[in-house]
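Novice: Okay, here's the prediction I keep looking at, along with the sequence it came from:
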Amino acid sequence: MEVLLFGIAKDIVGKSQLQFLETDIIPSSVSELKKMISDTYPEFRNLSSLAVAVNSEYASDDVPLNRNDEIAIIPPVSGG
Amino acid sequence: MEVLLFGIAKDIVGKSQLQFLETDIIPSSVSELKKMISDTYPEFRNLSSLAVAVNSEYASDDVPLNRNDEIAIIPPVSGG
Amino acid sequence: MVDKKIIEIVDIIDTSQVFTELSDAQSGGICVFIGTVREFTQGEEVVSLEFETYKKMAVKEMDKIASDAMKKWSLNKVIIRHAVGLKEVEAPVVVVGASSAHRDACFEACRYLIDTLKETVPIWKKEMFENKTVWVSAHP
Amino acid sequence: MVDKKIIEIVDIIDTSQVFTELSDAQSGGICVFIGTVREFTQGEEVVSLEFETYKKMAVKEMDKIASDAMKKWSLNKVIIRHAVGLKEVEAPVVVVGASSAHRDACFEACRYLIDTLKETVPIWKKEMFENKTVWVSAHP
């Protein structure tokens, strides 16, 4: 499982993706991923919002995660 | 005194301006001009509206007219 | 402020330069409306439109509208450009637009510019159909 | 309807073709909003902006916004085009627009397009000042 990082999320973590190895325990849901990443990088708690995309669609907290999903951390957007 | 005619006003009168000779009695106000032109060309009474410009500014009915003014009949506008 | 208003009656409208004309370092947003010749009016096929104007007065009225918009909203640049003469389907006939720091102002001003232009500027549009011509809005 | 939507993430925005792209024989009005780089943000001078995107998802979200607008209003064409990379002051960074038979629809749709884009499309803007950089909207 890979988790893509963009914008300030990339700056907080210091790289553009998080890699979970085959042997790693992966977060089972969006909310678990959010908790995991915020525990490891507390700066995420200071953001205005934090969303997760699963297979390039916004996913609510209860959406389950699978090893083959394309996951992305979506910090507050600011296009336009 | 000349009265410029545009759009449907030009079509109704059949020319692009009305000329008052030095010896003609000229309408003394906007309302008198409107009455005069509508009496002569009753089709003006069928228009949605009829405005008059004096020296290229909209003029209300009570505005007096002078021989040197640039007068224009403004039928309903439809720009854009 | 005069240099920040572009007010014109032209024969042909070139849409390619409009954004460059409205661009400004202090602006974060530019809103532009372009009116074009539509093929059908109430189900009838329009062959072309002809625009006539009382140019001296039209420019004065357009300038008033632009100035009023600049008083109502905080705008950096304003354009009002109208074409005259014979126009085919899809041709641009009017361009109005504004630039501003934030988008609320340019959107509201742009709408105001076209709405007011249609009410007050002495320009007349004749619709040419296959078998007749009609001065738009002339009759109730 | 797919051919009537133009959805793109590009490196450089060319504003000169936008009206041609939105032009349509059934349209009487075209409304376009362009977002540009503003020199000052809250009194501080911006040197440049950098835009980053999650492209695959951004295109999907932009397409949803365009489709939703076409459901809400009677539109003939819709464009949503966003630039990425480093942008200097005055550079266009986003173009949204719509064409419609009557102007109400294209004005309302255009406003909807930019408002919704700013809320949902995964694009991130970094403001580069003389001595610091700031991810816009990241913090409350």
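Specialist: Arrived safely.
Novice: alpha carbons only for contacts and neighbour counts from here, please
Specialist: Will do.
Novice: give me the residue from chain A nearest chain C.
Specialist: Nearest residue of chain A to chain C, counting by Cα to the nearest Cα: A:Gly80, 9.4 Å away.
Novice: which ones are touching that residue?
Specialist: Contacts were defined as Cα atoms under 8 Å, 6 or more residues apart in numbering or on different chains; by that measure A:Gly80 touches D:35, D:82, D:93-94, D:114, D:117-118.
Novice: Geometric centre of chain C: which residue is closest?
Specialist: Centroid-nearest residue in chain C: C:Val94, 3.4 Å away (criterion: Cα atoms, centre = their mean).
Novice: Give the pairing partners of the helix or strand where that residue lies; include direction for each.
Specialist: In this structure, C:Val94 is located in strand C:92-100 according to DSSP states H and E. Partner strands for strand C:92-100, per DSSP bridges, with pairing direction: strand C:29-36 (antiparallel), strand C:77-83 (antiparallel).
Novice: Same list, these, but as CSV with mean pLDDT and mean neighbour count please.
Specialist: Rendered in CSV, the data for these read as follows (pLDDT from 0 to 100; neighbours: other Cα atoms under 10 Å in any protein chain shown):
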stretch, mean pLDDT, mean neighbour count
strand C:29-36, 98, 28
strand C:77-83, 98, 25
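Novice: What strands flank the least confident helix or strand in chain A by mean pLDDT, and is each parallel or antiparallel?
Specialist: Taking mean pLDDT, DSSP states H and E as the measure, the helix or strand of chain A with the lowest value is strand A:17-19, at a mean of 93. Looking at strand A:17-19 with DSSP bridges, its paired strands and their directions are strand A:2-5 (antiparallel).
Novice: picking up where we left off before, assign the residue of chain A closest to chain C to helix, strand or coil.
Specialist: Following DSSP: H, G, I helix; E, B strand; the rest coil, we place A:Gly80 in the coil state.
Novice: How much space separates it from D:Ile65?
Specialist: Separation of A:Gly80 from D:Ile65 (Cα to Cα, to the nearest Å) stands at 14 Å.
Novice: what's the overlap in contacts for the two?
Specialist: Here A:Gly80 and D:Ile65 share the contacting residues D:Leu117, scored by Cα under 8 Å, 6+ apart.
Novice: Pull out the buried positions in stretch A:36-46.
Specialist: If you call a residue buried by 16 or more other Cα atoms under 10 Å in any protein chain shown, then stretch A:36-46 has these buried ones: A:37, A:44.
Novice: Check the offset of it from the chain's centre.
Specialist: 10 Å (Cα atoms, centre = their mean, to the nearest Å).
Novice: For the top helix by length along chain A, give me every contacting residue.
Specialist: If you go by DSSP state H, chain A has its longest helix at helix A:30-40. Applying Cα under 8 Å, 6+ apart, the contact partners of helix A:30-40 are A:27, A:44-45, A:50, A:52, A:59-65.
Novice: What subset of those is buried?
Specialist: The neighbour-count test (16+ other Cα under 10 Å) applied to the contacts of helix A:30-40 identifies A:27, A:44, A:50, A:52, A:59, A:63-65 as buried.
Novice: Report the two of those residues separated the most.
Specialist: Distances among those were taken as Cα to Cα; the most separated pair is A:Phe44 and A:Pro64, at 21.0 Å.
Novice: With only the CA atoms kept, save stretch A:46-55 in CSV.
Specialist: Taking only C-alpha atoms (Å, rounded to 0.1, in the frame of the first residue of the first chain), the coordinates of stretch A:46-55 have been written out as CSV:
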residue,chain,number,x,y,z
ASN,A,46,-3.0,21.8,13.0
LEU,A,47,-4.4,21.8,9.5
SER,A,48,-7.8,23.4,8.7
SER,A,49,-9.0,20.0,7.4
LEU,A,50,-7.7,16.6,6.4
ALA,A,51,-9.3,14.5,3.8
VAL,A,52,-8.4,11.1,2.2
ALA,A,53,-9.0,10.0,-1.3
VAL,A,54,-9.3,6.3,-2.2
ASN,A,55,-8.8,5.5,-5.8
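Novice: start to end distance for stretch C:111-130?
Specialist: Across its full length, stretch C:111-130 reaches 33 Å between end residues, using Cα to Cα.
Novice: Okay, strands next: where are they in chain C?
Specialist: Per DSSP state E, chain C has strands spanning C:5-10, C:29-36, C:40-41, C:44-53, C:77-83, C:85-88, C:92-100, C:123-129, C:133-135. These are given in chain order.
Novice: Confidence-wise, which of those is weakest overall?
Specialist: Mean pLDDT values for the strands of chain C show the minimum at strand C:40-41, a mean of 82.
Novice: quick one: is that one near chain B?
Specialist: No - applying Cα under 8 Å from any Cα of the partner chain, one finds that strand C:40-41 is not in contact with chain B, the shortest distance being 14.1 Å.
Novice: roughly how far is that strand from the heart of the chain?
Specialist: Using Cα atoms, centre = their mean, we find the averaged C-alpha position of strand C:40-41 to lie 20 Å away from the chain's own average C-alpha position.
Novice: That one pairs with which strands, parallel or anti?
Specialist: Here strand C:40-41 has these sheet partners by DSSP bridges: strand C:44-53 (antiparallel).
Novice: buried residues in the partner strand?
Specialist: Taking 16+ other Cα under 10 Å as the basis for neighbour counts, the residues of strand C:44-53 that come out buried are C:46-53.
Novice: Residues in contact with that strand: which ones?
Specialist: B:6-7, B:79, C:37-40, C:83-89, C:122-130.
Novice: Now the residue sitting nearest the centre point of chain A: phi and psi?
Specialist: With the centre of chain A defined as its mean C-alpha position, the nearest residue by Cα atoms, centre = their mean is A:Ile73, 3.4 Å away. Dihedral angles phi and psi of A:Ile73 (degrees, to the nearest 10) take the values phi -90, psi 130.
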